[in-house]
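Novice: I need the structure of the sequence given here:
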Amino acid sequence: MALEITLYVQLAAVLLADYVLGDPRLLPHPVRFVGWLCVVFEGCARGTFSWLSLRIKGMVAFLLVLFTTMAVVALFFYALTQIAAGAALLGAFLVCFFCIAAGDLVAHSNKVYNYLNLGDMTGARQAVSLMVGRDTALLDDSEVARACVESVSENMVDGITAPLFWAFIFSFAGFVLPCNPLVSAACGCMAYKAVNTMDSMYGYKNERYLEFGWFAARVDDVSNIIPARASGLCLIGAAYLLGFDGRSAARIYKNDRFKSSSPNSGHSEAAAAGALGIELGGPSVYFGEQTSKPFIGKGMRRAGPEDIKKVNRLVIGGSLIFFICSCLIHLLLVNVFK
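Specialist: Predicted structure coming up:
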């Protein structure tokens, strides 16, 4: 059991370090490397395999990016093991640290809150534009707050719970193979971030990427199925524990979680909307064109600046519940299958 507890303490330290420090801007970020691979292999797939359909080209690019990413990660850890016994553990800690985004999520949303509190709409719109894909130039204060709350609740999955989920899944390899569980957990984090980054770069529903990015978007959807649903449930639990409206969170989650166009993002958004008692979703403008999205929590009050602070507390609380539950389930499974 000592090995399992050590893994949980190490991952807890990763979460704490990320929350306190965020992503250091001066260090090379592995996600930027994946983004560079996406650009390179998209060009290769589009230019080299001209006889293939766009979907197949997108699949080829996806596999090239994923396999290259994991090969580089494997070489990285192999090189560290040749340097010193603890070097691979330090490298694994850093990889997990870069793949979790709780600190940055809170920091970015707090910037939006601060600008709104100062009445600086230009600053608030610019700050929230770094978090969302919609056009923000004409948003009023409530719409900026709504966009920020939606982004924080949705990115709880991409930035916190899904990387943790895949870290725990891959860590099982560390209990049966000759490698440390934290190293295999880091491989899981990196595999997920590669998939998620490809969805971010290829998953647009426009003429260029609708077919090319189809495969990346579907794989990302599948990789988030369990984390998204678990996140919604954990937010309901956090709502009860932190003094928000847990009953409303459960009701809106039950009724509205499938109203989003994404099969996964609506789960955490619905739970957050119910817990805070606010209306999310509705019309938004993307690339100059208005898109009608279903309301989540329709009829409740409009979002305000204070809801940004509230959703940050809710998401951090929900993420801690997710982590604790994951540790307990992981411990049970490791000991059952030993």
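
Novice: contacts only, for L235.
Specialist: S153, M156, A249, Y253, S268, A271, A272, A275, L314, V315, G318 (C-beta atoms under 8 Å, 6 or more residues apart in numbering). Placement of C-beta: from N, CA and C, glycine included.

Novice: how close does it get to T69?
Specialist: 30 Å (C-beta to C-beta, to the nearest Å).

Novice: so which residues of the stretch 151-300 of the chain form helices?
Specialist: Using DSSP state H, counting those that start in this stretch, the helices of the stretch 151-300 of the chain run over 162-171, 181-202, 214-223, 225-241, 246-256, 265-276.

Novice: follow-up on the earlier one: buried subset of the contacts of L235?
Specialist: S153, M156, A249, Y253, S268, A271, A272, A275, L314, V315, G318 (16 or more other C-beta atoms under 10 Å).

Novice: could you give the angle of the helix or strand where A71 lies to helix 181-202?
Specialist: For A71, the host element (DSSP states H and E) is helix 54-83. Helix 54-83 and helix 181-202 are oriented at 150 degrees to each other (axes from the mean of the first three to the mean of the last three C-alpha atoms, to 10 degrees).

Novice: how far off centre is helix 54-83?
Specialist: With C-alpha atoms, centre = their mean, to the nearest Å as the basis, helix 54-83 stands 20 Å off its chain's centre.

Novice: show me what counts as buried in that helix.
Specialist: 54, 57-62, 64-66, 68-69, 73, 76-77, 80-81.

Novice: residues in contact with the helix or strand of the chain with the lowest mean pLDDT?
Specialist: Ranking every helix and strand in the chain by mean pLDDT, DSSP states H and E puts strand 289-291 at the bottom, with a mean of 74. With contact meaning C-beta under 8 Å, 6+ apart, strand 289-291 is reached by P283, S284, V285.

Novice: where does the nearest residue to the last one once chain neighbours are set aside sit: helix, strand or coil?
Specialist: Residue nearest to V285 in three dimensions, not counting chain neighbours: D135, with 4.3 Å by C-beta to C-beta, 6 or more residues apart in numbering. Each residue gets one of three states, and D135 gets coil by DSSP: H, G, I helix; E, B strand; the rest coil.

Novice: next, count neighbours for D135.
Specialist: 16 (other C-beta atoms under 10 Å).

Novice: likewise for I252?
Specialist: For I252, using other C-beta under 10 Å, the count is 30.

Novice: from A217, how far off is it?
Specialist: From I252 over to A217 (counting by C-beta to C-beta), the distance is 26 Å.

Novice: please apply the same query to P30.
Specialist: Taking C-beta to C-beta, one finds P30 at 21 Å from A217.

Novice: M70 reaches A191, doesn't it?
Specialist: Yes. The pair M70 / A191 is scored as a contact, 6.2 Å apart, by C-beta atoms under 8 Å.

Novice: stretch 197-205: how far from the chain's middle?
Specialist: The answer for stretch 197-205 is 13 Å, by C-alpha atoms, centre = their mean.

Novice: quick check, W214 in contact with A61.
Specialist: No. The criterion here is C-beta under 8 Å, and W214 misses it with A61 at 11.5 Å.

Novice: thought L52 was touching V60?
Specialist: Yes. Under the criterion of C-beta under 8 Å, L52 makes contact with V60 at 7.2 Å.

Novice: from Y204, how far off is the spatially most central residue of the chain?
Specialist: By C-alpha atoms, centre = their mean, the chain has its centre lying nearest to D158, at 1.0 Å. Using C-beta to C-beta, we find D158 at a distance of 16 Å from Y204.
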